[in-house]
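Participant: The following block contains a protein sequence and its predicted model.
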Amino acid sequence: MENLLELFAHRFFQNAVWTILLTSLLSAMIGTYIVSRKIVFISGGITHASFGGIGLAYFLGINPFLGAVVFAITTALGIEWISSKGKIREDSAIAILWSLGMALGIIFVFLTPGYTPNLMSFLFGSILSVDRFDLWILIAVVLLTALLFILLYRPIVYTAFDPEFSKTRGLPVSLIRNIMAILMALAIVLSIRVMGIILVLSLFTIPQNTALLFTNDFKRIVAGSILWSITGSLTGLLVAYFLNIPGGAAIIFVLTIQFFLVKVFLLLRSSKNR
Amino acid sequence: MDSKQPLASIKNVSVGYGGTPVLTDVNLDIYPLDFIGVIGPNGGGKTTLSKVLLGILKPYRGRVLFPSGRINIGYLPQISRIDRSFPITVKEVILSGVSSRRNWWKSLFTKTEGIAEKLLDELGLEGYEDRAIGQLSGGQLQRVLLARAIVNNPQLLILDEPNTFVDRNFEAELYKILERLNKRMSIVLISHDIGTISSIVKTIACVNGTLHYHPSNELTEEVLHIYNCPIDLITHGELPHRVLKQHS
């Protein structure tokens, strides 16, 4: 117990906890949208394409976060545009952007002289190295996303559910979808800090599916995802610290265990009631 | 309302997807309190026609006019286009029909208490408002989609195959509801099922590459032949001849 209190006294650990709380809020909202619209594959494309931006930023010697954001937003809007046109095979287009992004990232990193120490952290996350600046950006994006979700809740859900009908009701469907594409890109890039490119989609899918075991209401899935994401990620973080294993991997492990425990609990309860 | 002036008027419209026309030179006037049955083979352009009316699809040539000003159009899409696993409640689906075309932002925070519940009562689905749509049967979902289409009191209601997945009992009930709605709105009913069409609609439009308007609800095989509107007359087995009266 003393061990634990000592841990929370460290600045780096406090930052990590704040990061997890904020990232949970963000990924809960955006993840519910992603899971509901069944566009997990699209978010995979955005995630991996952002690696190209990270590589380019290293090459140019600028902030890798900036490069990742530019690549992610471009990819997200590009995919949204492709799917609205409906002329190209959407899933193939995503796979191309996905691998192209990774390839560009590798090329740029290779061309960059000297050692690039943080590359691994972008692939697997580095929650313990989050600083003040990262946190402020995270807070800003969480506030922006929450504000838009509250203001535009109905149009967001309606256009996700039935875009064609929404058009007949005069909703600005493509505007709302593009706003959501940008938010998706921002949320994914910011969460890469915690989980890394390879593991990040877990935050956008596992808590949502745990929440879906209880409810089919969009709002409640958001709320449930926040809860499951926070409990799972914090537990994962502690597990990682005490077992001295990588944080991202530990968080995914706990999130998945959580999902199965809840699932089994609900199955047992319903069989008892029968 | 002046019944001489059409609510909507399709003038020489050619339309399609990606440069390939599905419909060419279509003309149709829809007057207040019309009840038009749209029939025709699959791929003939029935749904495309509805999309042009709704303004979702821009015509290559020709225009869709609204002589008495912009009208409110209710729409029930084909049920196969609905993602039934989407996490949304019956109430939310119905309320998604509330926003109005001109100023959608006003509907962001409109008070919507009781609106969905009242419609659900009328359609025999009381108590279903908090169900997820995934828990509904096909017929129940059709009713919810109908509620969404009429929640904003449209002047024109477009229904694309509303009898898919509907059991016989509700099908009869659906037609009673439509007859009632027709007292205050025009209806365009798309169906591949000729039997149902001619019994309840007032006039018929045959859509197969273009549109032929038939100002009566009686169809003969001869008429169908002239209009190049081949339809499977035996879809529902039971005595299609009863449907096809001799043309007077």
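Facilitator: Great, that's in hand. All values derive from a computational prediction rather than experimental measurement.

Participant: Contact partners for the residue nearest the centre of chain A?
Facilitator: What sits nearest the mean C-alpha location of chain A, by CA atoms, centre = their mean, is A:Ile188, with 3.9 Å. A:Ile188 makes contacts with A:Ile30, A:Ser43, A:Ile46, A:Thr47, A:Ser50, A:Ala72, A:Val200, A:Phe204, as judged by CB atoms under 8 Å, 6 or more residues apart in numbering or on different chains. Heads up, the C-betas are built off the backbone N, CA and C, glycines and all.

Participant: any idea how far it is from B:Leu125?
Facilitator: Distance, A:Ile188 to B:Leu125, using CB to CB, to the nearest Å: 39 Å.

Participant: thinking again about what came up before, name the nearest of the contacts of A:Ile188 relative to A:Ile20.
Facilitator: Distance to A:Ile20, by CB to CB, is smallest for A:Val200 among those, at 13.4 Å.

Participant: ok, the nearest residue to A:Gly52 once chain neighbours are set aside - contacts?
Facilitator: Using CB to CB, 6 or more residues apart in numbering or on different chains and skipping residues adjacent in sequence, the residue nearest A:Gly52 is A:Leu104, 3.5 Å away. A:Leu104 is in contact with A:Phe51, A:Gly52, A:Gly55, A:Leu56, counting by CB under 8 Å, 6+ apart.

Participant: Can you add neighbour count and secondary structure and give these back as a markdown table?
Facilitator: Rendered in a markdown table, the data for those read as follows (neighbours: other CB atoms under 10 Å in any protein chain shown; DSSP: H, G, I helix; E, B strand; the rest coil):
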| residue | neighbour count | secondary structure |
| --- | --- | --- |
| A:Phe51 | 29 | helix |
| A:Gly52 | 26 | helix |
| A:Gly55 | 29 | helix |
| A:Leu56 | 23 | helix |
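
Participant: With pLDDT as new columns, can these be given to me in a markdown table?
Facilitator: Shown next, in a markdown table, are the contacts of A:Leu104 (pLDDT from 0 to 100):
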| residue | pLDDT |
| --- | --- |
| A:Phe51 | 94 |
| A:Gly52 | 95 |
| A:Gly55 | 91 |
| A:Leu56 | 93 |
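
Participant: Now for the residues you listed: which two are most distant?
Facilitator: A:Phe51 and A:Leu56 (9.7 Å).

Participant: how about the residues of chain B near chain A?
Facilitator: Where chain B comes near chain A, counting by CB under 8 Å from any CB of the partner chain, the residues are B:18, B:54-56, B:73, B:75, B:77, B:81-83, B:85-89, B:92-93, B:95-97, B:99-102, B:104, B:107-108, B:130, B:132, B:134-135, B:148, B:152.

Participant: Between its first and last residues, what's the separation in stretch A:167-181?
Facilitator: 18 Å (CA to CA, to the nearest Å).

Participant: what does that stretch rub up against?
Facilitator: Under CB under 8 Å, 6+ apart, the answer for stretch A:167-181 is A:33, A:73, A:76-77, A:79-80, A:84, A:148, A:152, A:155-156, A:158-160, A:163, A:166, B:54-56, B:73, B:75, B:96-97, B:99-102, B:104, B:152.

Participant: ok so, going back, okay, the residue nearest to A:Gly52 and chain B: tell me how far apart.
Facilitator: 31 Å (CB to the nearest CB, to the nearest Å).

Participant: per-residue confidence at that residue?
Facilitator: For A:Leu104, the pLDDT comes out at 95.

Participant: Am I right that it is in a helix?
Facilitator: Yes: the assignment for A:Leu104 (DSSP: H, G, I helix; E, B strand; the rest coil) places it in a helix.
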